[in-house]
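Student: Sequence and predicted model, in that order:
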Amino acid sequence: LKKYGMSLYASKPKAQVLRYGKELMKQHAIPKYVFDSLLEYFQKHKIVRPSYTLLQELISEALNNEKNRLSNKIYKLIDKPIRDLLAKFLEKDELFYQLTELKKDQKDFTTQEIDTSIKKHLFLSEIHQQSIEIIKELGISEQNIIHYADLAVYHTVYGLRGMKQKNLSRLYLICYAYYRYLKISDHLVNSFVHKVIY
């Protein structure tokens, strides 16, 4: 250790490394990214890499801290009208849930498909406007917006409705509404270009 100017992880304050882990979670909430970044951190600061179990615990703690931070912030940021808007995602409209319908991409440039995209766009417009300010207040990266939006797609409607931490479910839906609105906007722009040219 003396020869290479290294130090043991145990001799370094854990709080400092955990603080760094929390900052990493704000950038990218995927454990693999945090794991790789922590290994780089230890190498850069000449700290002997701790055991795999300790790394797992460190990442789990950072992940749980970030989840709790976001959950608490969302509790303060969103009021009943926004909660009601988010609840509409999980409501059944005739045969399908709204969220299930929103997940479907536009297949082609037929009038029927474009009309469907317009309806989705209108449905998302209000929550998208609200989500811009909420996401800004949450202080999460673009990469994390996409990550949480993907989690809304990954979970079933029943899974989202049954989540114990309701505010995490709302986080996923807010990010999904934000990201999906932009994607549907792109579909509509492409549809307009197609109709004008062809």
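Tutor: All right, it came through fine.

Student: ok, and for stretch 189-198, which residues are buried?
Tutor: Within stretch 189-198, the residues scored as buried using 16 or more other Cβ atoms under 10 Å are residue 191. Every residue, glycine included, has its C-beta placed from N, CA and C.

Student: so how far is that stretch off the chain centroid?
Tutor: Chain-centre distance of stretch 189-198: 32 Å, with Cα atoms, centre = their mean, to the nearest Å.

Student: Give me the contacts around that stretch.
Tutor: Contacts of stretch 189-198 with the rest of the structure, by Cβ atoms under 8 Å, 6 or more residues apart in numbering, involve 106, 109, 113, 114, 117.

Student: repeat that with 7 Å
Tutor: Identification of contacts with stretch 189-198 by Cβ atoms under 7 Å, 6 or more residues apart in numbering yields 109, 114, 117.

Student: Could you report the neighbour count for the spatially closest residue to residue 179 that is not a sequence neighbour?
Tutor: Leaving out its chain neighbours, the residue that sits closest to residue 179 by Cβ to Cβ, 6 or more residues apart in numbering is residue 149, at 4.1 Å. Residues lying near residue 149 (other Cβ atoms under 10 Å) number 21.

Student: mind listing what's buried in the helix or strand hosting residue 149?
Tutor: In this assignment (DSSP states H and E), residue 149 forms part of helix 142-154. Buried residues in helix 142-154, defined by neighbour count with 16+ other Cβ under 10 Å: 144, 145, 147, 148, 149, 151, 152.

Student: on that earlier part again, how close does the residue nearest to residue 179 sit to residue 117?
Tutor: Distance, residue 149 to residue 117, using Cβ to Cβ, to the nearest Å: 18 Å.

Student: can you check residue 138 too?
Tutor: Distance, residue 138 to residue 117, using Cβ to Cβ: 28 Å.

Student: What of residue 41?
Tutor: Distance, residue 41 to residue 117, by Cβ to Cβ: 45 Å.

Student: how big is the angle separating the biggest helix by length in the chain from helix 142-154?
Tutor: The helix spanning the most residues in the chain, taking DSSP state H as the definition, is helix 166-197. Angle of helix 166-197 versus helix 142-154, following axes from the mean of the first three to the mean of the last three Cα atoms, to 10 degrees, is 100 degrees.

Student: Buried residues in helix 166-197, which are they?
Tutor: Across helix 166-197, burial judged by 16+ other Cβ under 10 Å covers 166-181, 184, 187, 191.

Student: try stretch 74-84
Tutor: Across stretch 74-84, burial judged by 16+ other Cβ under 10 Å covers 74, 77, 78, 82.

Student: I'd guessed the last one sits against residue 130; true?
Tutor: Yes: Residue 82 sits in contact with residue 130 when judged by Cβ atoms under 7 Å, with a separation of 5.5 Å.
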